[in-house]
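>>> I'd like to go over a predicted model; first the sequence, then the structure.
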Amino acid sequence: MTASSDQSHTHPFLRGNFAPVFQEYISHSCQIVHGHIPEELIGGQYIRNGGNPIYPPEKGRHYHWFDGDGMLHGVFFDSHGQPLYTNRHLSTPLLTMTLLLLRSPLPSIALLISPLSSIHRIIVAIVQAFLIALRARMGVLSVANTSVIWDQRLLATCESGPPLEVRLPSLRTVGWDRLKDPHTGESLADRRGQWEWWKRFGLSRVQEDWMTAHPRIDPVDGTLLLYSTQMFDAPHVRYSVIDKTGRHVIWKAGIDVGRAKMMHDFAATRTHTILLNLPLTLAPHNLFSRPPVPLIHFDRSLPSEFVIFPRMRPQQPVRFRDPEPSLMFHTANAWDECDVHGTLQAVNMLGCRFRSAKLVYAAGAVEIPRVEKAYGTDDVCRLQYYRFDMTGSRQITHEFPLSAIPFEFPTLPPHVGMSAARHIYGCTMRSGSFDERLGGAAKVDCIAKLDVIDLIRRGCARGEGKTTDPVDARSSAQILQDWEQGRPGAIELFALPPGWYAQEPRFVPRSRAKTEDDGYLLTYVYDESYLLPDGTPSTAPNAGSELWVIDARRLSEGMSAIVSRIKLPQRVPYGLHGTFVSASAIRQQKKSWEPLPRQDLLQDKLAHSRLQYFVSILFDRPMHRHRSKTEKVVLGIMWPIGVVMLALALREIARYVVSN
């Protein structure tokens, strides 16, 4: 088999610059190939999270872009402005178990969404994962591979577990942070209310310390807003508010969403919270429906519901329904609309909206169900505006897309979040969309800047109601052409050179900013000319990614808007979400009074054989510890059986040797 044909059978999200990297660098000095480092970056660090499977599945096995062990890629700017690159896997128990098993013990999301997955295969995969976790005393089944937030310390997040604290600038893993209240001692590990006796042994207990991958931090008072989802236990959403001292103001308040849902994001204003109760279900009983549907299933019989309630009174929700099913992975912003007396009139929200669930399947290279193909014809993820009337009508008075171009991975200046910010930045492309072509041509070759205030004003002037007609109907090519010909508009694009592709940008404001957009966008970029003819990434010394610092006020000027280009020693695979932490924040990060656990480099871990690593785990374990009665019974049965099986195996080997 040729290399080219071998690559053709590789999962699309394990090819090219989606492929994982297996080398970790610590404070590697990087070359500034163009420009200078802005003073706002000195002493700070840019960090991006994403999945990086150390043992990718074999050809034909299930894999999804949202799978993979979490890896952070960071660039720290020292006191002299020298960029230092560090990338490290998040040191989780799952990573340790993966190194031992030479495969991930978790079932892939692709297995859970595939219409072709049999019931018994899904159940076996889930039960196996929980049994492995029980035997290894892992406790947390999370790879923390989705996002990073700064809340007086860096936290890596994922829906399937608590946040994981990471030390800056070394990116060393500290451990799980269960958001313990310093006054009451209550934490994510504690059950909300009293356990019913039968739930002590149920699967719902495993999800007790889960948290959303996208918590929100109020830029004014530092309040942390979060929710968690429960697949096995109603109510299926629990909502919490933690003030900047760590006190639990609202803790695990139940919100009724009807059925268990897969919720990736939510939105918040300074006074209200918005939950996205959309039709992407995550329910065990899906497997036993007639006809059976996958565990994760987009149910088109359900509407798109938005549950809005006062930040401090979650027991008073107002439900707004759009009859059309939709999918939204990320919200861009939300803000209050008040009259001259300060009375709330409406809640406004911007989100990246799909009309179908094709992306869920495309990111796993799973055959898209026929119904999603039918409803998702020419489905383009667009930045959608919603106005929720909070007075008498309690209706969605306005709902429309701001532009025709595809738009995902939104970001905005952090200090203007939860207010009526004028500019939203995000990822787009010259052609294509974030749909089933994501595994092919749909890579980010443009960064967009939208004047959302102007677009919303023009959209609302068309009248109330819902429409699918975008306010700005121009394509990316038309927008670029208009700016070149001196016709600026509400949408500005930064176009990368042909063959170069970017990732989610993050905004860093200028220290003496005069306007809201006075600042810089940071993003990792990769030149795909470094790919070999068969699509394999080159490992040559000069074939790494770059970190670009772009002037956010001059995006339409293209390469002239680049303030700095920093060459990295290796690729940064196309990943998910990141953040920038300033020098003052790093200096004030929470101290760890205990020494950090040892964290070997990934290449050193991989150098050990499976047997060597297994032996090291055995001898690193405490010899004396408390065992529960259940564990003692299980071990009492397993050890004699294991000894007998070993004796039988040795007997068979001896017979084989003698006979030959």
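That came in fine, so what should we check first? Numbers count the residues shown, from 1 in each chain.

>>> Distance check, the spatially most central residue of the chain against Gly575.
Central residue of the chain (Cα atoms, centre = their mean): Thr146, 2.8 Å from the mean position. According to Cβ to Cβ, to the nearest Å, Thr146 stands 9 Å off from Gly575. C-beta coordinates here come from the backbone N, C-alpha and C atoms, glycine included.

>>> What number of residues are in the vicinity of Asp339?
Asp339 is flanked by 10 other residues according to other Cβ atoms under 10 Å.

>>> contacting residues around it?
Asp339 sits next to Gln345 when contact means Cβ atoms under 8 Å, 6 or more residues apart in numbering.

>>> C-terminal to the helix or strand of the chain with the lowest mean pLDDT, what's the next element?
When the helices and strands of the chain are scored by mean pLDDT, DSSP states H and E, helix 3-8 comes last with a mean of 50. Going down the chain from helix 3-8, the next helix or strand is strand 28-29, by DSSP states H and E.

>>> which residues are contacting the next helix or strand after that next one?
For strand 28-29, the following helix or strand on the C-terminal side (DSSP H and E) is strand 31-35. The contact list for strand 31-35 (Cβ under 8 Å, 6+ apart) reads 83, 546, 549, 562-567.

>>> After strand 31-35, heading C-terminal, what element do we hit next?
Later in the chain than strand 31-35, the nearest helix or strand by DSSP H and E is strand 45-51.

>>> who does that following strand pair up with?
Applying DSSP bridges, strand 45-51 is found paired with strand 70-77 (antiparallel), strand 578-581 (antiparallel).

>>> Save the ones you listed as CSV, and put in mean neighbour count and mean pLDDT too.
Supplementary listing: those in CSV, determined by neighbours: other Cβ atoms under 10 Å; pLDDT from 0 to 100:
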stretch, mean neighbour count, mean pLDDT
strand 70-77, 26, 98
strand 578-581, 22, 98
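
>>> JSON lines for the ones you listed, including distance to Pro169?
Shown next, in JSON lines, are the strands paired with strand 45-51 (distance: least, Cβ to Cβ, whole Å):
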{"stretch": "strand 70-77", "distance to Pro169": "4"}
{"stretch": "strand 578-581", "distance to Pro169": "9"}
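
>>> wait, which of the ones you listed is closest to Arg655?
With Cβ to Cβ as the criterion, Arg655 lies closest to strand 70-77 of these, at 47.1 Å.

>>> Can you give the distance from the helix or strand that comes right after the closest one to the centre of its chain?
Once the chain leaves strand 70-77, the next helix or strand it forms, by DSSP H and E, is strand 83-89. How far strand 83-89 lies from its chain's middle: 19 Å, per Cα atoms, centre = their mean, to the nearest Å.

>>> do the same with stretch 560-580
Using Cα atoms, centre = their mean, the offset of stretch 560-580 from its chain centre is 18 Å.

>>> try stretch 267-282
On Cα atoms, centre = their mean, the centre of stretch 267-282 falls 16 Å from that of its chain.

>>> just stretch 642-660 next, same as before
Worked out by Cα atoms, centre = their mean, stretch 642-660 lies 49 Å from the chain centre.

>>> pLDDT of it, averaged?
Stretch 642-660 shows a mean pLDDT of 75.

>>> Give me the buried positions along it.
Using 16 or more other Cβ atoms under 10 Å as the test for burial, stretch 642-660 gives no buried residues.

>>> picking that back up, go ahead and confirm the residue nearest to the centre of the chain touches Leu155.
No. When contacts are counted by Cβ atoms under 8 Å, Thr146 is not listed as touching Leu155 (11.2 Å).
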